[in-house]
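1. fold the following, please.
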Amino acid sequence: APHGHGAVRGVEPERSRGDHIGARPRGRGRLSFVAASDQAFGIRSDRHCSVAMARIAVVAALALSAYCATAADPLVGPYATERTTVDVPGLWLGEGTTDVYYATNSSVPQRFVTFMHGAGGGLFIDPFVYHSLLNTLASWGFVIASPRVCMDGDCLEKYVEQAPIVIDWATEQAADGHEIFSLADFSHGVGLTGHSMGGGATLVGSEEEVASAHGIAAAVMLHPYTANLHADGPTLYEGPPAIPFLAFTGDTDTTADMSMVEAFYNASDASLPRGIVEKSGKYATHQEPSDWHNWNEPYNPYMAQYVAGWFKLYLGTQEDDSTVAGIPDWDSLLFGTGDDSLCGGGDGAMVWCATSRGQ
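-> Now for the predicted structure:
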């Protein structure tokens, strides 16, 4: 079983939940919300019911007030952001359109991260599906390139090759003084993250051969779908991850369940900085990182701060960020046990959460 500093099971934020609010109190008659409706529909109401309803309303209001007072807001970075598009040559079938999110007023060098979308989230859909996540990440001082190439899993064999192409091209552009990519410092390596199919591509990019060849220094896998990396045909993933990585899934994710994450986590070297998260509750679904199914599978606005923190720690931003006001203690958020830490309840309820600084 995964282990390490901050390993917990069944952690929930300390919030007043009002579990018993709305239970019927003892007394005569039926509960009704408006006396007039009782008369209109012939429902019996009396003074006891009125008193009971008043008490319930007070308790509900107090519980809601307590919840709102204790639930911390999601963290957002100190910088303004913009999104633009660039054309990256050499991507599959010539589909080079790539969305780029970046901080416009950062006072220190940013870091570069490539994001890989999930199946069905590419082409023109990409900027709508992942805007919340990528825009928030950029607000912490990241230049993020998200290629739209490859709509679904049918092009997976080529898809896992796209991130290195984007990274190499962006590195060259920065060296040539590109107005956006030169905002980032590539000397500490770059980050790679992705959702679902893109999480699988991120896993491939975390292998030693790929990571070392393209300067990938840290990875975050968001509900990574890995089943077809070992399907009939070329083996797309040899593993295990060779760079610091953090992997998320949830107990109601029926697409990329915990077994997929556990497999590569357990295969990785225990001396490596690494983390594993199995969420529970409303943010435990497959679409947690996206805006795609925002009603029945809502986007988790807390996730971005922990993704940002992982890249902050492993892309060498500590010295730069020491001069910026309002930057949180990333180490405590990722490896601590406080209420705002990843495994301490800051990202919601967990079935399983473990993070380790490695050795």
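2. report the contact partners of the nearest residue to residue 290 once chain neighbours are set aside.
-> Sequence neighbours aside, residue 129 is the residue nearest to residue 290 in space, at 5.0 Å (criterion: Cβ to Cβ, 6 or more residues apart in numbering). Yep, even glycine has a C-beta here, placed from its N, CA and C like the rest. Residues counted as contacts of residue 129 (Cβ atoms under 8 Å, 6 or more residues apart in numbering) are 117, 121, 290, 291, 292.
3. flag the shaky bits of the protein, pLDDT-wise.
-> Confidence mapping of the chain against pLDDT under 70 gives the ranges 1-71, 121-123, 126, 151, 153, 230-235, 294.
4. so which residues of it form strands?
-> 81-87, 97-103, 111-116, 142-147, 190-195, 216-222, 245-250, 274-279, 350-356 (DSSP state E).
5. any idea which of these is most buried?
-> strand 190-195 (a mean of 30; mean count of other Cβ atoms under 10 Å).
6. and that strand, what does it pack against?
-> strand 111-116, helix 162-175, helix 197-205, strand 216-222, helix 303-314 (3 or more Cβ pairs under 8 Å, 6 or more residues apart in numbering; DSSP states H and E).
7. need these in CSV (columns: distance to residue 275).
-> Below are those laid out as CSV (distance: least, Cβ to Cβ, whole Å):
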stretch, distance to residue 275
strand 111-116, 17
helix 162-175, 21
helix 197-205, 14
strand 216-222, 9
helix 303-314, 7
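8. okay, helices next: where are they in this protein?
-> 35-41, 47-70, 126-129, 131-138, 156-159, 162-175, 197-205, 208-214, 258-267, 303-314, 318-321, 330-335 (DSSP state H).
9. buried deepest among those helices, which one?
-> Scoring the helices of the chain by mean count of other Cβ under 10 Å, the most buried comes out as helix 197-205, with a mean of 29.
10. just want the angle from that one to strand 190-195.
-> 140 degrees (axes from the mean of the first three to the mean of the last three Cα atoms, to 10 degrees).
11. what does helix 197-205 contact?
-> Taking Cβ under 8 Å, 6+ apart as the rule, helix 197-205 contacts 115-119, 121, 152-153, 156, 159-160, 162-164, 192-194, 210-211, 214, 216, 219-226, 228-229, 236-237, 239, 241, 247, 256, 264.
12. who touches the spatially most central residue of the chain in this structure?
-> Centroid check for the chain by Cα atoms, centre = their mean gives residue 303 as the closest residue, at 3.7 Å. Counting by Cβ under 8 Å, 6+ apart, residue 303 touches 133, 222, 248, 283, 288, 289, 347.
13. what's across from the closest residue to residue 355 other than its chain neighbours in the sheet?
-> Sequence neighbours aside, residue 275 is the residue nearest to residue 355 in space, at 3.9 Å (criterion: Cβ to Cβ, 6+ apart). Going by DSSP bridges, residue 275 is paired in beta bridges with residue 246, residue 355.
14. and residue 275, what does it touch?
-> By Cβ under 8 Å, 6+ apart, the contact list for residue 275 reads 4, 245, 246, 247, 310, 334, 342, 353, 354, 355, 356.
15. and what of residue 257?
-> Shown in contact with residue 257 (Cβ under 8 Å, 6+ apart): residue 249.
16. would you mind measuring from residue 221 to residue 183?
-> Residue 221 sits at a distance of 26 Å from residue 183 (criterion: Cβ to Cβ, to the nearest Å).
17. ok, now residue 80?
-> Distance of residue 80 to residue 183, computed by Cβ to Cβ: 13 Å.
18. again with residue 282
-> For residue 282 relative to residue 183 (Cβ to Cβ), the value is 36 Å.
19. the more surrounded of those two?
-> Ranked by neighbour count (other Cβ atoms under 10 Å), residue 282 and residue 183 place residue 183 first, with 19 against 15.
20. so that one makes contact with residue 143?
-> Yes: when contacts are counted by Cβ atoms under 8 Å, residue 183 is listed as touching residue 143 (5.7 Å).
21. which residues are common contacts for those two?
-> Applying Cβ under 8 Å, 6+ apart, one finds that residue 183 and residue 143 are jointly contacted by 102, 103, 110.
22. so can I have TSV of these showing distance to residue 201?
-> Shown next, in TSV, are the shared contacts of residue 183 and residue 143 (distance: Cβ to Cβ, whole Å):
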residue	distance to residue 201
102	22
103	25
110	23
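23. list just the nearest of those to residue 323.
-> residue 110 (13.8 Å; Cβ to Cβ).
24. now do the same contact list for that closest one.
-> By Cβ under 8 Å, 6+ apart, the neighbours of residue 110 are 102, 103, 141, 142, 143, 183, 184, 185.
25. check contacts around the second one.
-> Yep, that's residue 103 we're talking about. Taking Cβ under 8 Å, 6+ apart, we find residue 103 in contact with 77, 79, 80, 81, 110, 138, 139, 140, 141, 142, 143, 183.
26. re earlier: out of the helices of the chain, the one nearest residue 92 is which?
-> Proximity to residue 92 (Cβ to Cβ) singles out helix 156-159 among the helices of the chain, at 4.4 Å.
27. which secondary structure elements does that closest one contact?
-> helix 197-205.
28. off-centre distance for the helix it packs on?
-> Relative to the chain's own centre, helix 197-205 is displaced by 15 Å; criterion: Cα atoms, centre = their mean, to the nearest Å.
29. from residue 173, how far out is residue 87?
-> Residue 87 is 11 Å from residue 173, where distance means Cβ to Cβ.
30. before we move on, what about residue 240?
-> Distance, residue 240 to residue 173, using Cβ to Cβ: 31 Å.
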